[in-house]
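Asker: return a 3D structure for these sequence lines:
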Amino acid sequence: MSEPMKIKLDRTVCDGFGICARHAPEYFSLDDWDYASLIGDGTVPESDRDGVVRALMDCPVHAITVLHPKPNGANGSRTQDSTAASRTAGS
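Answerer: Numbers count the residues shown, from 1 in each chain. The predicted structure follows:
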């Protein structure tokens, strides 16, 4: 069995479309203005990945990212934002 997925929601990017809460209501709630909040710590078990990945893919402003474990021996925190990882890879 694979390691659980870990996601992050950037509320400063969210534009309140609410698509994430429709696809994965167990992980995203909407406030009075339809801006999303992440429910829990962002850990997504294998059984819930389909809905969360759909929310991530359908977010028109890309406010949801997947955190990836850093390779063994890497300094700093244990996770790396997929957006930051792609910027680093392109440098």
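
Asker: okay, and the beta partners of K6?
Answerer: Bridge pairing for K6 (DSSP bridges) gives the partners T43, L67.

Asker: neighbours of it, how many?
Answerer: 16 (other C-beta atoms under 10 Å). Quick note: C-beta positions are derived from backbone N, CA and C, even for glycine.

Asker: next one: C59
Answerer: Counted with other C-beta under 10 Å, C59 comes out at 21.

Asker: ok, now R11?
Answerer: The number of residues near R11, taken as other C-beta under 10 Å, comes to 11.

Asker: distance of it relative to A63?
Answerer: 7 Å (C-beta to C-beta, to the nearest Å).

Asker: joint contacts of the two?
Answerer: A36 (C-beta atoms under 8 Å, 6 or more residues apart in numbering).

Asker: give me the pLDDT for G73.
Answerer: For G73, the pLDDT comes out at 53.

Asker: typed the wrong thing, it's H68
Answerer: 81.

Asker: oh, and call the first residue 23 from now on, that's how I've got it
Answerer: In the new numbering, first residue 23, that becomes H90.

Asker: which SSE is M79 in?
Answerer: Taking DSSP states H and E as the definition, one finds M79 inside helix 71-80.

Asker: what about stretch 37-54, how long is it end to end?
Answerer: This stretch, stretch 37-54, spans 13 Å end to end (C-alpha to C-alpha, to the nearest Å).

Asker: contacts for it next, please.
Answerer: With C-beta under 8 Å, 6+ apart, stretch 37-54 has contacts from 29, 31, 55-62, 64, 66, 70, 73-74, 76-78, 80-83, 85-86.

Asker: rerun at 10 Å
Answerer: With contact meaning C-beta atoms under 10 Å, 6 or more residues apart in numbering, stretch 37-54 is reached by 29, 31, 33, 36, 55-62, 64-66, 70-83, 85-86.
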